[in-house]
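Asker: Give me coordinates for this.
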Amino acid sequence: MKKPIILLMSVQFLVYLGFGIIIPVLPEVIVQQGWDEVHVGGLLTVYALASFFTAPFWGQLSDRVGRKQLILVGLVGFCLSFIVFSVFINNLFMLYISRLIGGLFSGALYTSVTGFIADMSTNENRNKYMGFMGMSIGLGFIFGPAIGGVLGHTSLQLPFNASALLIGILFVYALLVLKEPERIGEANKRNIIPKGAKHLLRYRIRYLLLFSFFVTFTLAGVEATFQLFQIQKINITPLQLGLLFMFSGFVDAGIQGGVIRRIKDGTETKWLMGAQIVTAIGLLLITLTTNLVLAGLALCVFTAGNALARTCVVSLTSKESGGKYGTAAGLSYSMDNLGRIIGPLFFTALFTVNISLNYYISILLALMSIFLIVIFSKAKNSLRTEQD
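Answerer: Model (predicted):
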């Protein structure tokens with residue numbers, strides 16, 4: 001494997017590890033400081049907002065100044081965000097500044113890495129390289145919460161100090177090894193509203209995009225409130241939570257690596273309906289938690305349903321795009337980010353009213369989203385027909 005690919009995989013891994021590492025630590029910080037639980041959602045939302053709305057700017061800048069330069073800038077900024085969080089862990093305002101910086105520079109890293117891969121690859125091997133990036137992102141999501149929980153058991157600052165150190169080392173390695181690729185295209189700018197979206201939304205694919213929003217919206221709610229809920233239910237620790245998220249991460253990987261490839265063309269809608277039923281069961285089990293084993297089981301059941309729904313709807317959306325894969329991917333990205341922006345604040349606000357209310361609402365949304373798939377199945381205005 002080429003050295004640049006290994007380096008770029010490391011960058012993506014650390015970006016998404018950095019997103020996941022805060023999950024078992026942030027609620028513990030909020031509880032220990034006696035701040036309102038809604039700030040858990042607020043701090044997650046600020047990160048998603050900064051990343052989402054600055055991605056187009058970073059993509060354009062990457063085209064002008066070069067991929068390597070922007071990767072180096074992104075690594076410095078991302079490292080700084082962890083340092084600020086660690087140093088000012090007792091200052092709520094500065095925690096928001098830290099998350100704002102982290103989201104801002106994660107957008108720079110994502111667009112510059114994507115553009116770098118596009119420049120150094122050909123049509124024949126681009127899917128393979130993008131697959132490596134996807135694998136790195138998945139591993140970051142799996143190990144981020146686990147590492148955050150294990151290191152956070154020693155000190156709440158330690159996960160952020162360790163991440164800053166690793167990113168600093170990666171910066172030096174990138175500075176010495178990475179060479180600017182020959183430019184053959186533009187970075188994936190991730191326009192907030194993709195060109196051609198209006199045309200696509202006239203067709204039944206719009207029901208899949210709305211479904212995708214609800215799937216991510218629910219996931220963001222669980223990420224924001226699961227630890228807060230389990231602290232009150234079973235007094236869960238960051239270490240225990242990190243281990244639970246690690247197990248659920250392997251369930252996620254198993255679903256994507258083993259189950260998805262067995263889904264036959266034309267049966268996706270049945271799988272999506274089943275996935276949302278499994279998701280609802282997992283959410284219900286979370287509310288019935290009485291010990292750590294049941295909490296882990298509930299999280300794994302929810303993860304299985306959510307992972308199946310997320311991956312399957314992406315595949316079906318691409319088939320329904322009429323060949324407009326880029327536009328469909330851009331819309332899916334927008335729906336996912338909208339879910340991550342609104343979800344944490346919405347569900348932590350519900351949590352402050354009643355600790356189980358957000359899960360009951362999530363169950364209702366999961367079951368209601370099945371009707372979107374039913375409507376999609378019955379609709380005739382498919383871009384597949386137009387493409388044929």
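Asker: The closest residue to residue 310 other than its chain neighbours: how many residues sit nearby?
Answerer: Distance criterion CB to CB, 6 or more residues apart in numbering; nearest residue to residue 310, sequence neighbours excluded, is residue 215 at 5.5 Å. Every residue, glycine included, has its C-beta placed from N, CA and C. Using other CB atoms under 10 Å, residue 215 is surrounded by 29 other residues.
Asker: can you pull the contacts of residue 215?
Answerer: Shown in contact with residue 215 (CB atoms under 8 Å, 6 or more residues apart in numbering): 279, 306, 309, 310, 313, 339, 369.
Asker: ok, now with 10 Å
Answerer: With contact set as CB atoms under 10 Å, 6 or more residues apart in numbering, residue 215 has these partners: 272, 275-276, 279, 305-310, 312-314, 335-336, 339, 365-366, 369.
Asker: got it, and residue 54?
Answerer: 61, 103, 104, 105, 106, 107, 108, 111, 190.
Asker: How about residue 14?
Answerer: Residue 14 is in contact with 21, 75, 78-79, 106, 109, 136, 140, 144, 163, 166-167, 170, counting by CB under 10 Å, 6+ apart.
Asker: can you rerun that using 7 Å?
Answerer: 140, 166, 167, 170 (CB atoms under 7 Å, 6 or more residues apart in numbering).
Asker: excluding its backbone neighbours, what's nearest the third one?
Answerer: Distance criterion CB to CB, 6+ apart; nearest residue to residue 167, sequence neighbours excluded, is residue 79 at 4.2 Å.
Asker: For the one you found, what is the enclosing helix or strand?
Answerer: Residue 79 is located in helix 67-87, with elements delineated by DSSP states H and E.
Asker: Quick check: mean pLDDT of the helix or strand following that helix?
Answerer: Using DSSP H and E, the next helix or strand after helix 67-87 towards the C-terminus is helix 92-120. For helix 92-120, mean pLDDT rounds to 85.
Asker: relative to helix 67-87, how tilted is helix 92-120?
Answerer: Inter-element angle recorded for helix 92-120 and helix 67-87: 160 degrees (by axes from the mean of the first three to the mean of the last three CA atoms, to 10 degrees).
Asker: for helix 92-120, packing partners?
Answerer: The elements that helix 92-120 packs onto, with contact taken as 3 or more CB pairs under 7 Å, 6 or more residues apart in numbering; DSSP states H and E, are helix 3-21, helix 38-65, helix 67-87, helix 126-154.
Asker: okay, the ones you listed in TSV with distance to residue 247 and mean pLDDT next?
Answerer: Formatted as TSV, the helices and strands packed on helix 92-120 follow (distance: least, CB to CB, whole Å; pLDDT from 0 to 100):
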stretch	distance to residue 247	mean pLDDT
helix 3-21	14	79
helix 38-65	22	84
helix 67-87	25	92
helix 126-154	9	76
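Asker: Those helices into TSV, with extra columns for distance to residue 222?
Answerer: Shown next, in TSV, are these (distance: least, CB to CB, whole Å):
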stretch	distance to residue 222
helix 3-21	13
helix 38-65	12
helix 67-87	22
helix 126-154	12
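Asker: Kind regards, and thank you for your time.
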